[in-house]
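Peer 1: The sequence isn't on hand, but the structure is:
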Ligand SMILES: Nc1ncnc2c1ncn2[C@@H]1O[C@H](COP(=O)(O)OP(=O)(O)OP(=O)(O)O)[C@@H](O)[C@H]1O
Ligand SMILES: [Mg+2]
């Protein structure tokens, strides 16, 4: 099937001369939940704004369901809804008016039943006649989501939707995202809460310094880059790892009471059987054991820190 969004060789040079996107290629599949991850300033908002037609690309092309975001702006724009990172609100308007007006901007005929459903879904119904300036920050964020959904978009972009919102709103938001997906929508989100991406997304893209450095199925990413650790809770704490076990990647933790073995979960032979045999031979007994797998957060931190670490190492001559 054709991707619903196709970003082809897109670069963005801001007027300041800053190159915020560098030759970005990215396809978004119909109906998926895609998480775009990257450190502050990586270019996430620039990329999303470009796809939504708010920022013009300096080079390259973006197609939204086959419609060119520049040449066929109206058609492309009506397919997408954007919940922006920054709170921008029409302070004096009521919730109802601002959300209804948003729908009108996309040339859709009024549909009070639909707007009511959106407001109810976002627990905004009893505030529909309140002026936006009288709402709390979390409620304003709900209004932004309602506005983004007002014209029934098939693709929803959420740029840091849960930054600074409370646990309840977060939970509501993810329930809403799941519901929209079940109804056939495609969702693209950015978040700094990697546990959220790990829970919600089917595919993950990582952007760093304006370049997409990785796009992968989440499960595959975790399988490929995830490390597993086996922790043995020792019967007697050790001061040091015995010399005979020096070939294994072992660490002591918890004041020598725990022995941690890190291995590659993908490999057929994990080395655990040999390790346990060698431990027994060395007279090291354990009371209990447990395995843990690295989280998406561990993987992400490794990915985005790899490049700067190499650069700074060469810059200051540190041969680490
Ligand atoms: N209008 C602009 N003019 C010049 N530079 C800009 C402009 N908007 C963004 N930038 C720069 O482009 C880079 C990417 O910014 P962007 O907002 O896309 O990052 P981000 O990945 O969304 O970061 P964050 O996680 O902080 O939201 C940054 O270095 C930023 O300073
Ligand atoms: Mg941003």
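Peer 2: Cool, got the structure. The structure displayed is predicted, hence computed values, not measured ones. Numbering: from 1, shown residues only. Ligands and ions are numbered 1, 2, ... in the order given.
Peer 1: if you skip the residues just before and after it, what's nearest to residue 216?
Peer 2: Of all residues not flanking residue 216 in the chain, residue 204 sits nearest, at 6.0 Å (Cβ to Cβ, 6 or more residues apart in numbering). Every C-beta, even on glycine, is put in place using the N, C-alpha and C of the backbone.
Peer 1: measure that neighbour to ligand 1 for me?
Peer 2: Per Cβ to the nearest ligand atom, to the nearest Å, residue 204 is found 15 Å from ligand 1.
Peer 1: pretty sure that residue contacts residue 218?
Peer 2: Yes - counting by Cβ atoms under 8 Å, residue 204 touches residue 218, with 5.2 Å between them.
Peer 1: Residues in contact with both of those two, list them for me.
Peer 2: Shared contacts of residue 204 and residue 218, defined by Cβ atoms under 8 Å, 6 or more residues apart in numbering, are found at 35, 197, 296.
Peer 1: For those residues, please prepare a markdown table with the additional fields distance to ligand 1, pLDDT and neighbour count.
Peer 2: Shown next, in a markdown table, are the shared contacts of residue 204 and residue 218 (distance: Cβ to the nearest ligand atom, whole Å; pLDDT from 0 to 100; neighbours: other Cβ atoms under 10 Å):
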| residue | distance to ligand 1 | pLDDT | neighbour count |
| --- | --- | --- | --- |
| 35 | 13 | 95 | 24 |
| 197 | 13 | 86 | 23 |
| 296 | 17 | 77 | 22 |
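Peer 1: Restricted to helices, list those residues.
Peer 2: 197, 296 (DSSP state H).
Peer 1: Pick out whichever of the shared contacts of residue 204 and residue 218 sits closest to ligand 2.
Peer 2: Among the shared contacts of residue 204 and residue 218, residue 35 lies closest to ligand 2 (Cβ to the ion), at 13.5 Å.
Peer 1: so that closest one sits right up against residue 191, yeah?
Peer 2: Yes - if you go by Cβ under 8 Å, residue 35 and residue 191 touch, sitting 6.5 Å apart.
Peer 1: Common neighbours of those two, please.
Peer 2: Going by Cβ under 8 Å, 6+ apart, residues that sit against residue 35 and also against residue 191 are residue 197.
Peer 1: mean confidence score for stretch 250-270?
Peer 2: Stretch 250-270 shows a mean pLDDT of 86.
Peer 1: what's the spacing between that stretch and its chain's center?
Peer 2: From the chain centre to the centre of stretch 250-270 is a distance of 29 Å (Cα atoms, centre = their mean, to the nearest Å).
Peer 1: same thing with stretch 160-178?
Peer 2: Distance of stretch 160-178 from the chain centroid (Cα atoms, centre = their mean) equals 13 Å.
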